[in-house]
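> Pasting the sequence and the predicted model now:
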Amino acid sequence: MSEFYPTTINRGLIMLLPRKPAFDWIKRVDPDETKLTLDDIRQDCDGLLVPQGEVQNLEGAQKWVYENWEMFLEEFLTDWHEDEESWPEKRTLKLFKEWFDLHYSSLVWDFANEPVVHEKDEDDEPE
């Protein structure tokens, strides 16, 4: 067993857990996902590391996510189905709140010995 020295990092963690309306949309746009369950998509959901100085509790996490909800919703939709024609026509904060539960943790432990590697989306690269 390798030795590691766990430390906390200066980030909070927000988890966006899809709810049944999001699952229903996935099943509608991709009927081949026959074995997929709501529990499956909730067990492997997006985790967002956020600055502790800006987000310090669940209320702050909600405020931060709701200020950026469009980006998170579009990422979710793209991850499941890139054809924007299949996306909900009215994408609103109300829909986002119906589609996702939000969990927050103010304490994040780092158990890895290697440095964090930041990966950029190819679309984010300057031309």
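Okay, I see it. Residues are numbered from 1 along each chain as shown.
> Give me the pLDDT value at Glu98.
Looking at Glu98, its pLDDT is 98.
> what helix or strand is it on?
With secondary structure defined by DSSP states H and E, Glu98 is part of helix 93-99.
> what about the nearest residue to Ile41 once chain neighbours are set aside, distance to Phe96?
Nearest residue to Ile41, sequence neighbours excluded (C-beta to C-beta, 6 or more residues apart in numbering): Pro18, at 5.0 Å. Every residue, glycine included, has its C-beta placed from N, CA and C. Distance of Pro18 to Phe96, computed by C-beta to C-beta, to the nearest Å: 11 Å.
> residues of the top helix by length along the chain that come out buried?
Longest helix in the chain, counting residues (DSSP state H): helix 69-80. Buried residues in helix 69-80, counted by 16 or more other C-beta atoms under 10 Å: Trp69, Phe72, Leu73, Phe76, Leu77, Trp80.
> which one of those residues is nearest Lys35?
If you rank those by distance to Lys35 using C-beta to C-beta, Trp80 comes first, at 15.2 Å.
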